[in-house]
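A.B. asks: Got a predicted model here, sequence first, then my questions.
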Amino acid sequence: MNKPNNQYPTPSIWEAMAIAAIAVGLVIAALTGLSIKAVNNTVDPKRAEAIALSIMNYNIPEGSRGLFGVNVGGLKIAEVVSKSNIVQQNQSLPEISLLVAEIVPEETENPNLTEENVVPWSEYVEDDFQANQQTTVNKLFCGSNVPVTIEQGVRTSLDYSLPAVRYNASTVIEDRQYFVKITTTGKDALSKADLVFNSLICQ
Amino acid sequence: MSNQIGDDQLIELQGLTEAEVSERRSSGLGNNVQLQTSRSYAQIIRENIFTFINIAFVAISLVFFLLRRFSDGLLVVVVIGGGILINIYQEIWAKNKLDTIALLHRPLATVIREGIEKNIDPSEIVVGDILTLHPGDQILVDGVIVGKGKVEIDESLLTGESDEIPKIAGDTVYSGSFCVSGSAYYQAEKVGTETVAYKLMTGARSYRQVLTPVQREINLIIRIFFLTACFLWILVGISFLAKDHSLNDILQKFAVIAGLVPAGLLITITLAYGLGAVRMLGQDLLIQQVNAVESLSNVNVLCLDKTGTLTTNEITLQQVYPINISLAELLSILGDYAASLTTTNKTNDAIALAHPKKPRPVKLEVAFSSARKWSALVFQDDNPAKVYVLGAPEILESSCPLTAEVKNYIHTGTQQGLRLVLLAKALRFDSVSLENEILPSELTALGILVFSDVLRPEAKETLQGFAKAGVEIKIISGDNPQTVAALAIQAGLDPMALVVSGSELALMDSAQLAQTALNAKIFGRITPEQKAMLVKALRDAGRYVAMTGDGVNDVLSLKQANLAIAMELGSKATRAVADIVLLKNSFAALPNAFIEGQRIRNGILDAMKLFMVRNICVTLLIFSAAVVTDSFPLENKQSAILALLGVGFPTMVTPVWAKPGKIYSGSMVRSMLHFVLPASLSLTLVALLIYLLYLVVAVLNLPPDATSKQIDFSIPRTALVSILIMCQLLLLPFLKPPAKAWVGGEPYSGDVRYSITALILLVLYFVILSIPACRDFFDLAELGLKSYAFIGLVSLEWCLIVRFMWRSRFLDRFLGVDLS
C-alpha cells in the first residue's frame, strides 16, 4: 500500500479514546432513556388497562386497575387486577388478576396456525400459585369453544397461604393468538374466575 | 467573360458594364452569400437545450408531474430552464458582440465598372469584376492579378506562413488574404460558396462543444445518481406490487428518490459560470462558451499560433553596425533613404521611425520585393551620383565583399533569429540595369541594420504568469523556427528550449511526433495540418490544451484544442469557432480569466462535495432503512428541507465566496474522496442509529390499541432530518476551516463566512421547527428540547469522529489507497 500523504495533524490515541468514550456515553444515555421510557410505559396503569382493553373486553367486579402493559410490534400483553384486595398478614393481594395477551404472528412464521399448535406461553409465567387440582373443560371463549384449564390450588408465600383458582385459555381468531390467564384468590375464587372468564370478549 | 485578361488598358478603364453585372448576378455568379460571423441563434439554442443532463431532468420533472407533485416538478423545470436561459442569454450576448465586431471590420470592395471606380458591398461583386488592391486591403473573392501592377500578399491567415508573397499578372489571389505592399487589380474568378474563405468557414462552423473536466465529472455524477434513482424506482415499483403499500406511500418514495438526482448542482454551476462571466466584464475578453473561463483554469499547455500573438506585428530598428563609416554618417544616410522611398514596407517604416528625416528628391528607385530581397535608391542631388542598396546580406554579399568580422556579426544575429539588413552603396552603376532590377556588381558595405519584432507590452508578463501557474507555453508557428525562437527568448521563454521545424516533423512517425510534441516548445514552419496534429498529440498525452489563433489556417488546430482562443482582428472563421475572443488582440486579460476559472472550479468543487455527501448518505440510508426496518427513511417534503438547508443554500454561497487556488490535475471526483467518503459513510451510520433510536421511541409511544402498522414515522424521520441537517451544516466549517480545530477534510482557510452561514441556517431550521405551521408543512414532528439537544450532541460527536477519520486517514489505510 502507498503510505498516505498526510498534511493534517495526526490524532493521538487519547483523542481516539476520548471520542470512543463520548460515543459510548451517548449510546448509554440513549439506551437508558429508552429503558426508562419503556419501563414507564410498561407500569403505567392507564396504559396497561388500555392495552388490556384493546385485546379483549372484560368485567371485573368492583372495577380494575392496570398493573403492566406492553405493546411492542406484534405482541400485546397486559395485566389488570381488581381494585378489591384481600389483606393478609399486612399484605394486600388483589382478589382477581387478569393477564391477557395478543400475538400477531408473522404470516410466514406459522401459516397454519390453529388452536392445537399455539404456544402455551402462559405456562412459563412463574408466580406464587401452586395448583393442587387441574381439570379441563370446554368453554366458549371469544366465540369459539376452547379447552379451558382450570387449576385449583393456593397462593403461598412465607407469610400466608390462600385458596386460589386459575383459568388458562387460548384461541386463534383470524391468525391472531389470544391468551388469557385469570387468577382469583379467596373463598369465592372459582365463581369469581368463572364470572370474569365469561365476560371476556376478544376485540 | 467579355473582358480580355491581359488587355490592361481595356480592363483598367472599363471593367464590366452594369448590364453585365445584372446578367451575371441573375445567372448566380454573384457573391451574395452570407458568411456567418458567429454561431447561429438556432445553433446556440440547440447546443444548450439538447444535452443529456437536460433530458434527464426533464424526465425527472415529468415523474414529479405524473405523481401530481406539481411544485417539485416546477422546481426542476425552473432550475433547468433558468440555467438554459442564462446560458443562452450569455452566448447570444457574445454572438451579438461578435457580429458587431464583424460588422466593424467588414471591408468595402472597390470595383471598376464601366471604367469608373466604385465602392460597393462585397456581396455585390460578380464573377469577372475587376477589383482594386492597395496595401491593407483584404482580398474578398478568389481571382487573378491582371494588368501591370505588383503586390505582395500576406496569406498567413490562410496558410499560417507570415511571409509576404509577391504576385503579378496571372497569379492567383485568395479571399481572406491581405495586400501588404504594392498596387494591382484582380479579376474575380470565384465568388460566394466557391471561394477558399467560404469553404474554410464552412468547415470551421461545424459543431464544436468541448466539455470541461468539471462538466464531464458532474455529468458522470448526475448519470450515476440517475441510474441509482432508476434502480430504486424499480425496487419501489416491485414493492408496490408485492406488498400492501398505499399508493401515496409509493408516490412519496418515488418523489424522494427523484430528489437523489442533484438538480441543485446545476444551479450551482450556472451561478458559478454566470458570476465568472460577470466578473470578466470589461476585461477585453469575449466569452463565447459559458464554460470557457472555467475551461481556461484547466489549461496546462498554452499553444500560441504564431509570433504575431506575441508581437505587435511591427519591427523596430534595434541596432546599427557601421562599416568603414561613422555612425552619424550612416544614420544620416539611413534617415534620407527611409524618408525618400516612395514604396514603403515595415523595414523602411522602422528606419524612418528611428531616424526621421525629410525626403530628398529621388532620381531612381527600385522598390523592395520579397523575391528579390533588396531595394535601391539614387538621390537626385547626390554628386557624384551613387546608388544605395538595402537588402538581405546573403543576397548583397555576392556584390559586396564582407570582412570575416562582419560575416560573424551577421551570422550571430541570424542565429539569434534577428532580422539583419545590409546597407551598401555603389558609385558605378548602370541606370538601365538598375531599372531592370539588376543588382550593381560593385557594392561597398556601409552598415548592418538589426531589426527585431516588437513584443506586445503584456506578452512577457502574461507568459511568465502562465509559467508560474504551471502552464507550459508552446509556440506553433508558420514562421521561421529561428525567428520564432528569438522571439520566444525575448518573451522570457526558456532559451534552451528545443526548436523543431515542420520539415523535421514531417519525417517523424506518429510516436516520434507525439514525443516531440511533448518535449519541444518551439515549432517553426508548421503547416496547418501539423499544427492540428501537434495539438491532438498533446491532448492524447493527457494535456489540457489551449490554442490561440487568428487565421483560417488555425481553425483545424483550434477545433482540436480543449480551449480555442481567437484574436478580435483574426478571421471570421477563427472567431466563430473560438471559445474566447481576445478583444483588442491582447491576451493581457487571460491571467485574470485563468484565476477566475480557478475560482469557478473551486466553487463548483466545494458544492459538489456537499452534494456528494448528502446524496451518498441519503442513498445509503434508503437501502439500510429498508434492510434494517423495512421502512423508508424520508418523506418528500422532509427530503426537500434537507436538500434546501443541507446543501441548497450552502451551495449557493460556495461559488460566490470561492477563492482561486490550486487546481487538482487529476480527477475531480478522486480529489474529493478524502473529504466525501469518510463524511458520508460516518454520517450514514450516525444518522441510521438516530433513526433507529427514534423509531424505537415511536414504537414505545404507540397508543395502547395501535398496531405496528400505525407507528408514527414522523418522529424517527424528524430525528433523521435533524441529524442530517445539523451534520451537513457542520460540514461547512470543515469545508472551509475557520480555525485549526476544523482542519481535517480540507486545509485551513480562515474564512468564517461559511461557518456563519451554517449557524444562520441552523437557526432557520429551528425557527421552522418551532413554528407549527412550518413544521407541519414539512411533515416534521415536535421532538422536544431534550431530543434536539441529544441530536445536537450526537452531531458534535460525529464531527469528532469524522475529523478523526480524516486526520488519521482511517479509510485510506483501510482501503490501502491514497484518497486525496
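C.D. replies: Received it, and whenever you're ready, just let me know what you need.

A.B. asks: From the centroid of chain B, which residue is nearest?
C.D. replies: Residue closest to the average C-alpha location in chain B (Cα atoms, centre = their mean): residue B:563, at 3.7 Å.

A.B. asks: So the closest residue to it other than its chain neighbours: helix, strand or coil?
C.D. replies: Counting by Cβ to Cβ, 6 or more residues apart in numbering or on different chains, residue B:563 lies nearest to residue B:546, which is 4.1 Å off, once chain neighbours are set aside. In short, each C-beta sits where N, CA and C put it, glycine included. Reducing the assignment at residue B:546 to three states with DSSP: H, G, I helix; E, B strand; the rest coil gives strand.

A.B. asks: Around residue B:546, how many other residues sit close by?
C.D. replies: A count of neighbours around residue B:546, defined by other Cβ atoms under 10 Å in any protein chain shown, yields 28.

A.B. asks: Can you give me the pLDDT of it?
C.D. replies: Residue B:546 is assigned a predicted lDDT (pLDDT) of 92.

A.B. asks: Distance check, it against chain A.
C.D. replies: According to Cβ to the nearest Cβ, to the nearest Å, residue B:546 and chain A sit 30 Å apart.

A.B. asks: Identify the residues contacting the most centrally placed residue in chain A.
C.D. replies: Using Cα atoms, centre = their mean, the residue of chain A that lies closest to the mean C-alpha position is residue A:77, 3.9 Å off. Residues counted as contacts of residue A:77 (Cβ atoms under 8 Å, 6 or more residues apart in numbering or on different chains) are A:51, A:69, A:70, A:99, A:100, A:101, A:102.

A.B. asks: list the contacts for the residue nearest to the centre of chain B?
C.D. replies: Applying Cβ under 8 Å, 6+ apart, we find residue B:563 in contact with B:210, B:292, B:295, B:296, B:299, B:544, B:545, B:546, B:547, B:579, B:580.

A.B. asks: and the third one, what does it touch?
C.D. replies: Spelled out, it's residue B:295. Residues near residue B:295 by Cβ under 8 Å, 6+ apart: B:210, B:212, B:289, B:546, B:562, B:563, B:579, B:597.

A.B. asks: repeat for the last one
C.D. replies: For residue B:580, the contacting residues are B:285-289, B:292-293, B:296, B:563-566, B:593, by Cβ under 8 Å, 6+ apart.

A.B. asks: doesn't residue B:503 make contact with residue B:527?
C.D. replies: No: using Cβ atoms under 8 Å, residue B:527 is not in contact with residue B:503, being 10.0 Å away.

A.B. asks: Who has more neighbours out of those two?
C.D. replies: In this view residue B:527 and residue B:503 are compared by other Cβ under 10 Å, and residue B:527 has more residues nearby, 17 against 12.

A.B. asks: Which residue, other than its chain neighbours, is closest to that one?
C.D. replies: Nearest-residue entry for residue B:527: residue B:502, 5.8 Å, with adjacent residues in sequence omitted and distances by Cβ to Cβ, 6+ apart.

A.B. asks: Count the residues that sit near residue B:188.
C.D. replies: 28.

A.B. asks: I'd guess it is in a helix, am I close?
C.D. replies: No: residue state for residue B:188 (three-state DSSP) corresponds to strand; a helix is not indicated.

A.B. asks: Just the pLDDT for residue B:741.
C.D. replies: What the model reports as pLDDT for residue B:741 is 91.

A.B. asks: Can you classify it by secondary structure?
C.D. replies: Using three-state DSSP as the criterion, the local structure at residue B:741 reads helix.

A.B. asks: quick one: contacts for residue A:85?
C.D. replies: With contacts defined as Cβ under 8 Å, 6+ apart, residue A:85 is in contact with A:92, A:93, A:94, A:95.

A.B. asks: which residues touch the nearest residue to the second one once chain neighbours are set aside?
C.D. replies: Right, residue A:93. Setting aside the residues directly before and after it, residue A:93 is nearest to residue A:86 in space (Cβ to Cβ, 6+ apart), at 4.8 Å. Shown here is residue A:86, whose contacts under the criterion Cβ under 8 Å, 6+ apart are A:92, A:93, A:94, A:95, A:162, A:185, A:186.

A.B. asks: which stretches of the stretch 601-750 of chain B have low pLDDT?
C.D. replies: Counting by pLDDT under 70, the stretch 601-750 of chain B has low-confidence residues at B:663-667.

A.B. asks: So which bits of it are right by chain A?
C.D. replies: Remark: the part of the stretch 601-750 of chain B in contact with chain A comprises B:693, B:696-697, B:699-700, B:702-708, B:740, B:743-744, B:747, using Cβ under 8 Å from any Cβ of the partner chain.
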